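Engineer: Mind looking at a prediction? Sequence and model below.
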Amino acid sequence: MSHGSFVGRALLALGFLLAIASGSASVAAEDNPTTKQPVNPPAAAEKRGADVKLNDSVVFRVLLAHGQRSAEERAEAAARALEHALLGADPRARHKAQGAAQVIFAGETPVIELYAEDAAAAGDASLDVCTARIEARVQETLTTEKKRSDIAQTVFSISLVVFFGLIALFLARQVGDYAGRARSFVLEHPERIPALRLRTLEVIGSGALRGVLLGALIIGRAVLQIGLVYVWLVITLSHFDATRPYTERLTGLLTKPLLALLERFAFALPLGLLALCFGALVYVLVRFVELFFVSVRRGETRIAWLPSELVAPVSVLARGTIVICAVLLAGPIVTGDSDGALSRAGAILLFSLALAATPLAACVLLGVVQLLSRRLRTGADLELAGKRGRVTAIGFFDVTLQEPDGHSVRVPHLLALVSPLQMKAADARTRVAISVAPSAPPTAVKSLLLTAASELGARPEVELYDVDAGGAHFHVSLAPSASVTSAPEREQSASELRLVLAEALARAGFALGTRPEGPRR
């Protein structure tokens with residue numbers, strides 16, 4: 001449906017409602033017999049006087065003049081008083097005696113003064129009877145006209161509510177339509193949204209600016225539509241007596257926070273401008289540092305002490321340091337309050353960094369303990385957190401292990417708190433390798449070597465670890481004695497063991513074999 005047909009139907013509906021309102025008021029006036037003009041007898045019609053009317057309804061008739069005021073002037077003054085009284089909240093008729101006259105009031109407004117001559121001219125028995133009759137007619141007419149006015153006002157208010165609702169709906173649709181067109185334009189023509197530059201420095205890129213515009217369109221559309229609904233709701237509630245108090249509450253619910261916010265904003269405006277300028281300065285500095293490191297990464301600028309692979313992390317570290325220093329140091333200087341929002345934000349940021357650095361500090365502390373206590377030694381075989389290998393380096397943060405396949409792995413010291421550390425004990429046994437010719441029986445040779453080794457040390461062990469064309473190859477080991485404590489002494493014991501084994505083989509007539517090629521086991 002087009003906007004023209006929508007507005008036409010809205011106006012047609014408004015005209016229909018207004019016609020119903022006027023028709024209802026007319027029917028109410030016609031159905032009430034008190035609003036009809038009474039048919040006076042021919043004799044009464046011939047009397048002189050003037051009618052007192054209220055909205056074309058005859059209330060009573062003034063027959064005589066009084067003092068310098070004619071009957072017409074008295075009737076006109078009474079009609080004006082009734083019209084004024086009808087505008088009041090409670091136009092109740094009453095009378096009050098003032099000297100020889102009886103004054104009829106409508107609410108607080110005096111309508112007319114009645115005298116004995118008026119009662120006699122009207123044919124009433126007394127002034128009190130005339131006053132009661134006219135008072136009753138005034139009360140009846142005011143009640144009828146008030147009811148008819150309230151009905152007409154209610155219908156008119158409903159018509160206005162419907163009319164304003166149609167206007168609000170139309171404006172809300174227009175706002176949504178225009179916001180949708182603007183959003184489609186931004187999405188379909190991204191090249192039309194340039195970057196925001198400060199001379200040659202790009203402050204906000206085109207993509208970021210496009211995102212800000214899209215967000216502003218969405219938020220602005222919602223705010224405008226909600227504002228239209230709010231205005232329509234306030235207008236609706238203010239047109240009816242039963243809901244008028246809610247209008248004040250609804251208005252206060254919105255205006256009081258806004259006024260308080262505006263007051264705080266006006267108080268903090270100078271400080272806010274200063275903080276905004278400082279924030280812009282920090283942003284420009286951070287942006288400059290970022291562009292500088294970008295030029296270093298591209299090779300346009302050279303730094304001798306900074307390798308190319310460290311440009312990105314150093315850039316992030318430098319920008320983060322600038323922001324942290326700005327919040328911690330310059331924040332209290334700009335705001336002039338050591339306990340302000342910026343100072344608290346700096347403290348929270350510093351606490352967050354300290355909390356994030358806790359694992360790193362724990363690693364350093366454990367590394368210091370490991371280094372000073374000498375629990376770990378270079379060359380030791382250990383298993384930590386599922387990694388097994390020989391220790392090649394011990395640092396403050398981790399232990400470097402060389403796995404059996406030749407790969408190096410770094411294990412943080414912190415894992416030693418949650419995973420057991422297994423160290424292979426140092427092998428202090430004296431171990432030698434000896435090969436026997438293929439012609440010698442392996443069983444007899446093993447028994448001979450075990451007997452010969454037992455003469456030199458305790459707990460001898462003989463192991464046949466390989467047999468090939470070069471002969472049988474044995475490992476012979478002995479447990480060290482209490483007197484052997486150093487490496488040279490162990491080497492001397494190994495030499496003595498080889499000598500004893502060689503003499504035993506020579507005495508038994510077993511020739512020596514050829515040792516297999518490759519590394520020793």
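Structural biologist: The structure has been received and is ready for your questions. Numbering: from 1, shown residues only.
Engineer: Mind telling me what element His95 is part of?
Structural biologist: In this structure, His95 sits in strand 93-98 according to DSSP states H and E.
Engineer: Partner strands of that strand, with direction?
Structural biologist: Next to strand 93-98 in the sheet, as set by DSSP bridges, lie strand 101-106 (antiparallel).
Engineer: ok, then the element right after the partner strand?
Structural biologist: Per DSSP H and E, strand 101-106 leads on to strand 109-114 as the next helix or strand towards the C-terminus.
Engineer: what's the helix or strand following that following strand in contact with?
Structural biologist: The first helix or strand that comes after strand 109-114 along the chain, using DSSP H and E, is helix 116-122. When contacts are defined by C-beta atoms under 8 Å, 6 or more residues apart in numbering, helix 116-122 is touched by residues 47, 61-64, 66, 100, 125-127, 129-131. In short, each C-beta sits where N, CA and C put it, glycine included.
Engineer: Please indicate which of these are buried?
Structural biologist: Among the contacts of helix 116-122, the ones that count as buried by 16 or more other C-beta atoms under 10 Å are Arg61, Val62, Leu63, Leu64, His66, Leu127, Cys130, Thr131.
Engineer: Narrow these to those in strands?
Structural biologist: In strands, defined here by DSSP state E, the members of those are Arg61, Val62.
Engineer: hey, what's His435 bridged with?
Structural biologist: Quick fix: residue 435 is Ser, not His. Beta-bridge pairing for Ser435 (DSSP bridges): His473.
Engineer: what's the distance between it and Ala444?
Structural biologist: Taking C-beta to C-beta, to the nearest Å as the criterion, Ser435 is separated from Ala444 by 15 Å.
Engineer: got it, and Val286?
Structural biologist: Summarising the geometry, the distance separating Val286 from Ala444, computed by C-beta to C-beta, is 84 Å.
Engineer: The two: which has the busier surroundings?
Structural biologist: The residue with more neighbours, out of Val286 and Ala444, is Val286; 16 against 12, by other C-beta atoms under 10 Å.
Engineer: Just the buried positions in stretch 224-234, please.
Structural biologist: Those buried within stretch 224-234 under the rule 16+ other C-beta under 10 Å are Leu224, Gln225, Leu228, Trp232, Leu233, Val234.
Engineer: who touches that stretch?
Structural biologist: Contacts of stretch 224-234 from elsewhere in the structure, counted by C-beta under 8 Å, 6+ apart, are Phe164, Gly165, Ala168, Leu171, Ala172, Val175, Gly176, Thr247, Leu250, Thr251, Leu254.
Engineer: Tell me the most packed of the residues you listed, by neighbour count.
Structural biologist: Per-residue neighbour counts (other C-beta under 10 Å) across those peak at Ala168, which has 20 neighbours.
Engineer: Quick one: classify that one as helix, strand or coil.
Structural biologist: In three-state terms, and counting by DSSP: H, G, I helix; E, B strand; the rest coil, Ala168 is helix.
Engineer: same check, this time on Arg287
Structural biologist: For Arg287, the secondary-structure state derived from three-state DSSP is helix.
Engineer: Number of residues surrounding it?
Structural biologist: The number of residues packed near Arg287 is 15, by other C-beta under 10 Å.
Engineer: ok, so what distance separates it from Cys325?
Structural biologist: According to C-beta to C-beta, Arg287 stands 16 Å off from Cys325.
Engineer: now do Asp241
Structural biologist: When Asp241 is compared with Cys325 (using C-beta to C-beta), they lie 64 Å apart.
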